[in-house]
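> Below are the sequence and a predicted model; questions follow.
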Amino acid sequence: MRRRCHQPDRPDYKNYGGRGITVCDEWRFGFGDLTGFEVFFRDMGSRPSLDHTLDRVDNSKPYSAANCRWSTSRQQHRNKRSNRFIEVGGQRMTVVEAAERYSVPADKLYVRLKRGRTGDEAIAMLRSIPVSLQSSPPEESSSR
């Protein structure tokens with residue numbers, strides 16, 4: 001983490017330090033009698049499992065206690081700069097999340113979106129549900 005953010009000779013520097021991503025001073029240099037690692041460990045605690053690695057909540061902000069968490073690979077894949085976000089039913093989510101939530105194939109959803117459909121339209125097409133029913137609650141029938 002510290003090397004890729006602060007050593008320009010590193011191959012991965014361009015994706016971190018080269019974009020302005022840094023490690024907070026407390027984690028780099030320590031605080032009071034604590035070393036940088038000790039402050040990091042105090043802030044983040046032990047890694048919950050071997051399946052977890054450090055993840056930044058906001059990928060445009062630095063490594064710090066306020067912006068880091070332990071995440072699984074699956075969680076980290078949903079928190080990448082390259083993800084495409086769409087809005088479905090008034091909620092913002094990744095295309096993969098939408099595909100899972102609405103039980104449609106992600107590859108077909110990408111195609112509909114690439115052809116200019118909105119998230120709601122693409123999901124509705126793939127589920128064969130009219131868009132008006134997709135995002136609106138059913139109307140109550142009136143008796144005469």
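Received, thanks.

> going forward, measure contacts between C-alpha atoms and count neighbours the same way
Fine.

> quick one: buried residues of stretch 32-48?
Going by neighbour count (16 or more other CA atoms under 10 Å), the buried part of stretch 32-48 is 36, 38-40, 44.

> Tell me which entries of those residues lie within helices.
Counting by DSSP state H, the part of those found in helices is 36, 38-40, 44.

> Is residue 59 in contact with residue 83, as I believe?
No. Residue 59 is not in contact with residue 83 according to CA atoms under 8 Å; the separation is 11.7 Å.

> List the buried residues for stretch 58-67?
Applying 16+ other CA under 10 Å to stretch 58-67 flags 61-65 as buried.

> Take those residues and lay them out in CSV including pLDDT, distance to residue 95 and secondary structure.
Shown next, in CSV, are these (pLDDT from 0 to 100; distance: CA to CA, whole Å; DSSP: H, G, I helix; E, B strand; the rest coil):
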residue, pLDDT, distance to residue 95, secondary structure
61, 94, 23, coil
62, 96, 26, coil
63, 97, 26, strand
64, 97, 28, coil
65, 97, 29, helix
